[in-house]
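Asker: Predicted model follows, preceded by the sequence.
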Amino acid sequence: MRTTLPVIIAFLSGFIMVVTFFFDADGTMLGATRQQLLVWVTIIGGFTLLLGVISITRVNYRAVVTRQKGWIYNLLTLVSVFIMLIPSVLPRSWSPLFGDDRGSIYDWFFTYLSIPMMSTMFAMLAFYIASAAYRAFRARNAQATLLLVTASLVMLWRVPIGEALLRQISDAIPVWLNTYVMNGFNLAVQRGIIIGAALGAASMSLRIMLGIERTYMGRG
């Protein structure tokens, strides 16, 4: 029963969502059931966030108490979580510092700490991307040479000074890059990736609905 009931729920929920997506079910029992399922998904999503906070608290608290290596970072994680969480859920009527509006504690930490740290993280990723590009763009064979030439032209075309240099050679180069490379080959590859990902998602959804895939229940 512990495995049968989740499979039945997954199958019925998936079946209702698929049918109501492809067919007009407004005003029918299936349509009402679909709306109810969407409400349940929102509620369950809220509980998963709560579960995530509890899990983060337990893991980091245990690391701080046992003084594991790097425990100071676990302590900073705990302090950051609760500094952002507690003031944001308290009513703004109690104090202008509560809630998530402008001027609140949550807004201050988000604007002056979270956003700069995220910008720093993505800026650091640029160096790793440049390193990976250097290793990938070595002209070892015909395919790598084609990748190197195409990527170099696209990168030059994406910056104003590069586009100006390309136009000094020929005005047709930027037009060719936009028409054939970006809107031709690149778009075709993107569509292929999206179609492949959609087929993979549909296949996994079908495996879950039929009870073949059961890893979401904590077992294979």
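Answerer: Cool, the structure landed.

Asker: Remind me what the helix or strand hosting V189 packs against, helices and strands.
Answerer: Element membership of V189, judged by DSSP states H and E, is helix 187-209. Applying 3 or more Cβ pairs under 8 Å, 6 or more residues apart in numbering; DSSP states H and E, one finds that helix 187-209 contacts helix 4-22. C-beta: built from backbone N, CA, C; applies to glycine.

Asker: May I see the buried residues of the helix it packs on?
Answerer: 7, 10, 13-14, 16-17, 20 (16 or more other Cβ atoms under 10 Å).

Asker: Dump those residues to TSV, plus pLDDT and distance to M84.
Answerer: What follows is the buried residues of helix 4-22, written out as TSV (pLDDT from 0 to 100; distance: Cβ to Cβ, whole Å):
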residue	pLDDT	distance to M84
V7	82	38
A10	83	34
S13	86	33
G14	85	35
I16	86	37
M17	85	34
T20	85	37
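
Asker: about what we covered before: using CSV, write out every CA atom in the helix holding V189.
Answerer: Taking C-alpha atoms only, helix 187-209 is exported to CSV below (Å, rounded to 0.1, in the frame of the first residue of the first chain):
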residue,chain,number,x,y,z
LEU,A,187,18.3,28.5,-33.7
ALA,A,188,18.1,25.0,-35.2
VAL,A,189,20.4,23.6,-32.6
GLN,A,190,18.4,25.3,-29.8
ARG,A,191,15.2,23.9,-31.1
GLY,A,192,16.7,20.4,-31.3
ILE,A,193,17.8,20.7,-27.6
ILE,A,194,14.4,22.0,-26.5
ILE,A,195,12.6,19.2,-28.4
GLY,A,196,15.0,16.6,-26.9
ALA,A,197,14.4,18.0,-23.4
ALA,A,198,10.6,18.0,-23.9
LEU,A,199,10.7,14.3,-25.1
GLY,A,200,12.8,13.4,-22.1
ALA,A,201,10.4,15.2,-19.7
ALA,A,202,7.5,13.5,-21.4
SER,A,203,9.2,10.1,-21.1
MET,A,204,10.0,10.6,-17.4
SER,A,205,6.4,11.8,-16.7
LEU,A,206,5.0,8.7,-18.4
ARG,A,207,7.4,6.4,-16.4
ILE,A,208,6.2,8.1,-13.2
MET,A,209,2.5,7.8,-14.2
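
Asker: Determine how far it lies from the middle of the whole chain.
Answerer: 16 Å (Cα atoms, centre = their mean, to the nearest Å).

Asker: ok, now stretch 149-156?
Answerer: In terms of Cα atoms, centre = their mean, the centre of stretch 149-156 is set 27 Å apart from its chain centre.

Asker: now swap in stretch 176-196 and tell me
Answerer: 22 Å.

Asker: gap between the two ends of it?
Answerer: Stretch 176-196 has an end-to-end distance of 28 Å (Cα to Cα, to the nearest Å).
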